[in-house]
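[1] Predicted model and sequence below, questions to follow.
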Amino acid sequence: MTDTSPRALPTRPVAPHQLAWLRRELTDWTAEGLISDQQAARIAARYRSEHHARISVGRVLLYLGGGFVGVGLIWLVAANLDELSPLARFCAVAALWLAFLVGGEWLAARHASPPLVGAARLLAALGAGAMIFQAAQSLQVPAYEPRLVGLWAAGTLLHGYLTRSHVPFFVGLVTGVTWWFWQPLWDAPDGLTIVLLFGAGAVLATSLAVLHDGWIDSYAWAWRTVGGAMALLALFAAAIPDIGSDGIEWTTWLVVALVVAGVAALAAVLTRPGLRVLEPLGAVLVLLVATLIGLWTTGTDTTSVDAADWAHAAVAVTAYVVLAVGLVALGTVRDHQPLIWMAMVGLVVFTTFQSFAVFAPIVTGAWLFVVLGTVFLGTGFLFDRARRQLAHALDGDSPTTTRRTDR
C-alpha cells in the first residue's frame, strides 16, 4: 500500500466527543489487528477537534435582530401603514423582502459568517409573511384567514429546500404546522378533529422523514421530531374522556389532510423498502388507534368511575406505552435523542393525567398525592429501565453502533 503523507490529506472538523470516540475505536481496531498503527495514524490525521460555539452572543444578537425586524414588518403591515396607498405599501414590503432574499443568498455565495447569513435568511422568511399579509390587505382579504399562513409556509419551505438552509425551513415548518391545524379547525372546531389532525400529522411528518433519509438528513431529523411529537399528542388527546362524543365532522380540509398524509405514507412505503417502512406504517396504526379510542365514549359522569372508565384508561395507557417504547427503539436506532426524551416525558405525564382521571373521584386529599406519586415514580423507573435494556440490546446486536454509556 502506497503511503500518503498526512499533511496532504484534507482535514475535517468534528465535535470533541466524536473525535474521542474515533480514537478509542482506532485503539481497539489496532489492538485487534484489524488495522496497522500507520493506518490508524492516517485515519486520525483526517479529523481535527473543533469546539462549536453553538450559542454565542453574536449569533443570538443577529437572530434576535432578524426576528425583531421581521416581526416589526408584519406589525407594520397589520397597522396598515395608513400614510401610504395600498400599492405603495405592498411595493415597499416586497422591496424589503426581495432585498433580504437576494442579500442573504449573496452573503452565502460569498461564504460570509453563518450567523450573518442565517439572520439575513430569517429576515427574508419573515418578510415573505409580511408581503403575503400586505398583499391580502391590498386585495381586501381578511388578514386573519389561515390560508395566508399556508401560503407563507409554502413559500418559506420552498426557500429552505432550494437553498438547503435551515432558518427558512424552520420558519416554514412552524408556520406549516400552524396552518395544518388552523385550516381544518376553521370549519370544524371539535375535539375529534384535533385527534385526527394530530394522527394525520404524525403520518405525514414520519413519511417525509423516511423520504428525506439519505437526501437531506437534517430535514429528516426535523420531520421525524415533528412526527414523534404528533403521535404522542394524538394518543394523549384521544384519551381525554368523551373527546369524540360528537363523532367525526367531515370537512373538505380534514379530508384533504388525511389524503395528503396517506399519499405521503404510500410514497414512503413504495420508495423506501425494508425496515424503514415500519415508521410510516406505525404512524398509520397510531392514527387508527387514536381515532378508535377517541370514538369510545364512557359517559360524562365525573363523580364515579365504573368498569368502562377503567377499561378505557387501561387501553389508552397500554397504547401509549407501546407507542413510547416504539419511539424509544426508533430514537435509539436513529441516534435521535429528542424522540427518547419526548417518549419518556410524555409517558410519565400521560400516566399521571390518566391517574388523575381515574383516581381523583375515588381518593382525595393527601392520599391522592400518595397514589399519584407512586404511579409517577413507578412509571419513570420502569420506563428508564426499559430504555437502558433496549439500548444495550440494540448496541449488542449491531457491531457498528456507537457504544453508549447509561447515565
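    That came through fine. Residues are numbered from 1 along each chain as shown.
[2] from here on, contacts and neighbour counts on C-alpha atoms
    Will do.
[3] domain ranges for this protein?
    Residue ranges of the domains in the chain are recorded as 6-49, 56-187, according to automatic domain parsing.
[4] what's the most buried one of those?
    domain 56-187 (a mean of 18; mean count of other CA atoms under 10 Å).
[5] Report the distance from it to the chain centre.
    How far domain 56-187 lies from its chain's middle: 21 Å, per CA atoms, centre = their mean, to the nearest Å.
[6] for Ala261, what are its contacts?
    Counting by CA atoms under 8 Å, 6 or more residues apart in numbering, Ala261 touches Ala200, Gly201, Val203, Leu204.
[7] Need the pLDDT of the second one.
    To tie it back to what came earlier, the one meant is Gly201. On pLDDT, Gly201 comes in at 96.
[8] Checking it next. Helix, strand or coil?
    What DSSP: H, G, I helix; E, B strand; the rest coil gives for Gly201 is helix.
[9] which among the contacts of Ala261 gets closest to Val348?
    Closest approach to Val348 among those (CA to CA): Gly201, at 22.7 Å.
[10] That closest one: how many residues sit nearby?
    Using other CA atoms under 10 Å, Gly201 has 28 other residues around it.
[11] nearest spatial neighbour of it, skipping sequence neighbours?
    Met230 (6.1 Å; CA to CA, 6 or more residues apart in numbering).
[12] which parts of the helix or strand where that neighbour lies are buried?
    Counting by DSSP states H and E, the element that carries Met230 is helix 217-238. By 16 or more other CA atoms under 10 Å, the buried positions in helix 217-238 come out as 219-238.
[13] Only alpha carbons, please: show it as CSV.
    Output in CSV follows, covering the C-alpha atoms of helix 217-238 (Å, rounded to 0.1, in the frame of the first residue of the first chain):
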residue,chain,number,x,y,z
ASP,A,217,-30.6,14.2,6.7
SER,A,218,-31.0,17.4,8.8
TYR,A,219,-34.6,17.9,7.4
ALA,A,220,-35.3,14.2,8.0
TRP,A,221,-34.3,14.8,11.7
ALA,A,222,-36.7,17.7,11.9
TRP,A,223,-39.6,15.9,10.3
ARG,A,224,-39.0,12.8,12.5
THR,A,225,-39.1,15.0,15.6
VAL,A,226,-42.4,16.5,14.5
GLY,A,227,-43.8,13.1,13.7
GLY,A,228,-43.0,11.7,17.1
ALA,A,229,-44.5,14.7,18.9
MET,A,230,-47.7,14.4,16.8
ALA,A,231,-48.0,10.7,17.5
LEU,A,232,-47.7,11.3,21.3
LEU,A,233,-50.2,14.2,21.2
ALA,A,234,-52.7,12.2,19.1
LEU,A,235,-53.0,9.4,21.7
PHE,A,236,-52.9,11.9,24.5
ALA,A,237,-55.8,13.9,23.1
ALA,A,238,-57.7,10.7,22.2
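[14] and after it, which helix or strand comes next?
    Past helix 217-238, the next helix or strand by DSSP H and E is helix 252-271.
[15] same question for that next one, mean pLDDT?
    94.
[16] Beyond that helix, next helix or strand please.
    Following helix 252-271 toward the C-terminus (DSSP H and E): helix 278-295.
[17] before we move on, back to that, can you put the domains of the chain in CSV and add mean pLDDT and distance to Pro338?
    CSV is the format used below for those (pLDDT from 0 to 100; distance: least, CA to CA, whole Å):
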stretch, mean pLDDT, distance to Pro338
domain 6-49, 78, 19
domain 56-187, 82, 16
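[18] can those domains go into CSV with extra columns for distance to Arg272?
    CSV is the format used below for the domains of the chain (distance: least, CA to CA, whole Å):
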stretch, distance to Arg272
domain 6-49, 29
domain 56-187, 21
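[19] Figure out which of the ones you listed is closest to Val259.
    Per CA to CA, nearest to Val259 of these: domain 56-187, 13.0 Å.
[20] Understood, closing this out.
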